[in-house]
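In: For reference, the sequence and a predicted model appear below.
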Amino acid sequence: VSSVAGRTGAVVLASGDISGLGGAAGLNVGTSAGSVAAGDDLRIVNAVQTSSAFSGDVTGTLSALSVNKLRGINISVTAPANGDVLQFNGTQYVPIAIPSAPVSTVAGRTGAIILSSSDISGLGNSAGLNVGTTAVTVAAGNDSRITGALQSSVFNGYVTSASCMTSQSLYWNSVSSQFLCQGIAFPADAVSSVAGRTGAVVLSSSDISGLGTAAGFNVGVAANNIVQLDGTARIPASTLPTIALTTSSVYSGDVSGTSTTMSVDRLKGIAVSAAAPTAGQALVYNGTQWIPTTGFPSFARKTADETFGVTALANVTALSFSVVAGVTYKYKFNIMYTSAATATGLRVGLTYPAVTSASGIVNIASGNDGTGAYYQGVINATGDSVQALNTPAATPLVMLANVEGIIVPSAAGAVQLQAATEIAASNIVILAGSFVEVVVIP
């Protein structure tokens, strides 16, 4: 090296001697305001959320990463054993063991083997190396035909007779057409030390002056610049990636506020009323927004026929609804059914939790085409039922019965419709399509 930073001798480097360090004088790496954040600064690391989900070759979050693929190729979940390597089997990488068995024989022999020329094929016309003096043979290492091929007198004619001294070396002199000796000397402007040291010098930041309290090293917001900390010793929010989430990030769309004050204001883009709901209310779309409302009906419907062949009451599948204490409910069970015989009537009843008050009425037709009347009765306690003694027509004609009433429960539970046949083994079938309608009364 003839010079460093345009100077010779004992050179001490300054920030101005190194290009690309920015418009100001120093690097000023630290944690105070106006300093530059170091690469492993937790304020930079934490800009990436530890809960961020990764995909592709790497899955999981920042605190629990899992490498599942290499260049898009799956890695087998089989646990490797000591010394295994990953081998691609055409579908994925799988761990396999490297065979450790030694070669069992060499040249057809076992044990301590010393190879001879006859053990290696292709070494000549006979068993050996064909060392000799005839044509197409190999000359021995001390053969005079080799040592004499380069005549020492010929070489010596190009070398000065004088022996080179310490600190001298041979060089080719084109005037005399000889190798001559000359002294080895460093040029007068050669660098003698770097940063005050000689030998193999490894520079550190302390070897370069001028990197102190001023701005340095391309600080700014442009590409390849280092970000300078703001007045609170933080990375300025304006320089963070647009996808970075912080506790002060503002949300929009269906969700508003920040991560510490998040509010769901919409459902699939439709506004939700700010009015607070009361017990028993549900959200109903009014054409503009979702609003909490009471007094609307809800329904439960049977999707399959159900046969009742005994006289004891049993629950009717799917025909029930849930209640909570203190709420008033108006209900109506609409029952389509068939009977195996006109002499076989339908029996219906209800069960429900503890109540403040409750009453229901049952209507089951007993005549057909304007004749006859209704079997009618009141249900005013859980387990009560009303029994019809006949039905207007036998299967396949479909009959209709109703159970409706009001209930104010004092405990949570279910209001359950029950049914039975009047005559054992003469079936009553509750048909699919039967349903219950429930209204919460404000």
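Out: Ah, there it is.
In: And for stretch 362-369, what's in contact with it?
Out: The contact list for stretch 362-369 (C-beta atoms under 8 Å, 6 or more residues apart in numbering) reads 345-346, 348, 372-379, 385-386, 388-393, 399-403. Quick note: C-beta positions are derived from backbone N, CA and C, even for glycine.
In: Now restrict these to buried residues only.
Out: Neighbour-count burial (16 or more other C-beta atoms under 10 Å) applied to the contacts of stretch 362-369 gives 345-346, 348, 375, 377, 379, 385-386, 388, 390-392, 399, 401-403.
In: Okay, helices next: where are they in the stretch 101-250 of the chain?
Out: For the stretch 101-250 of the chain, helices defined by DSSP state H, counting those that start in this stretch occupy the ranges 144-147, 152-156.
In: Quick one: low-confidence residue ranges for the stretch 1-150 of the chain.
Out: Applying pLDDT under 70 to the stretch 1-150 of the chain picks out residues 20-28, 30, 37-50, 62-63, 99-103, 122-133, 135-150.
In: Leaving out sequence neighbours, find the closest residue to Ile430.
Out: Of all residues not flanking Ile430 in the chain, Glu306 sits nearest, at 4.9 Å (C-beta to C-beta, 6 or more residues apart in numbering).
In: Contacts only, for that neighbour.
Out: Neighbouring residues of Glu306 by C-beta under 8 Å, 6+ apart: Val316, Thr317, Val429, Ile430.
In: which phi and psi does it have?
Out: Per-residue torsions, Glu306: phi -140, psi 130 (degrees, to the nearest 10).
In: Roughly how far does it sit from Ser66?
Out: 50 Å (C-beta to C-beta, to the nearest Å).
In: And for Ser176?
Out: Ser176 sits 75 Å away from Ser66, taking C-beta to C-beta as the criterion.
In: Ser19 too?
Out: As defined by C-beta to C-beta, Ser19 lies at a distance of 43 Å from Ser66.
In: ok, these two, which is more surrounded?
Out: A direct count of neighbours by other C-beta atoms under 10 Å for Ser19 and Ser66 places Ser66 higher, at 11 against 5.
In: Just the element for the more buried one, please.
Out: strand 64-67 (DSSP states H and E).
In: quick one: that strand to chain centroid distance?
Out: Here strand 64-67 shows a centroid-to-chain-centroid distance of 9 Å under the convention C-alpha atoms, centre = their mean, to the nearest Å.
In: any idea which helix or strand comes after that strand?
Out: strand 69-70.
In: Neighbouring strands of that following strand in the sheet, and parallel or not?
Out: strand 73-74 (antiparallel) (DSSP bridges).
In: these two touch, right, Ala304 and Ala432?
Out: Yes - Ala304 lies in contact with Ala432 (C-beta atoms under 8 Å); the separation is 5.2 Å.
In: who's more crowded, those two?
Out: Between Ala304 and Ala432, Ala432 has the larger neighbour count (other C-beta under 10 Å), namely 14 against 10.
In: List the contacts of the closest residue to Asp230 other than its chain neighbours.
Out: Counting by C-beta to C-beta, 6+ apart, Asp230 lies nearest to Pro236, which is 4.8 Å off, once chain neighbours are set aside. For Pro236, the contact set (C-beta under 8 Å, 6+ apart) comprises Val227, Gln228, Leu229, Asp230.
In: Would you mind measuring from the first one to Thr311?
Out: According to C-beta to C-beta, Val227 and Thr311 sit 84 Å apart.
In: Same check on the last one?
Out: Look at Asp230 and Thr311: by C-beta to C-beta, they are 84 Å apart.
In: Quick check on the contacts of Pro236: which are buried?
Out: Neighbour-count burial (16+ other C-beta under 10 Å) applied to the contacts of Pro236 gives Val227, Gln228, Leu229.
In: For the stretch 101-250 of the chain, just list every one of the strands.
Out: Taking DSSP state E, counting those that start in this stretch as the test, the strands found in the stretch 101-250 of the chain are 168-173, 178-183, 193-194.
In: For Ile75, which of those strands is the nearest?
Out: With C-beta to C-beta, the closest approach to Ile75 among the strands of the stretch 101-250 of the chain belongs to strand 193-194: 47.9 Å.
In: packing partners for that closest one?
Out: With contacts defined as 3 or more C-beta pairs under 8 Å, 6 or more residues apart in numbering; DSSP states H and E, strand 193-194 has these neighbours: strand 10-11.
In: related to what we said a few turns ago, just the ones of the buried ones among the contacts of stretch 362-369 in strands?
Out: Among those, the ones falling in strands (DSSP state E) are Leu346, Val348, Tyr375, Gly377, Ile379, Ser385, Val386, Met399, Ala401, Asn402, Val403.
In: In space, what's closest to Phe296 - neighbours in sequence excluded?
Out: Closest to Phe296 by C-beta to C-beta, 6+ apart is Val284, at 5.9 Å.
In: show me the contacts for Asn315.
Out: When contacts are counted by C-beta under 8 Å, 6+ apart, Asn315 touches Thr351, Gln416, Leu417, Gln418.
In: Turn those into JSON lines, including pLDDT.
Out: Below are those laid out as JSON lines (pLDDT from 0 to 100):
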{"residue": "Thr351", "pLDDT": "98"}
{"residue": "Gln416", "pLDDT": "98"}
{"residue": "Leu417", "pLDDT": "98"}
{"residue": "Gln418", "pLDDT": "98"}
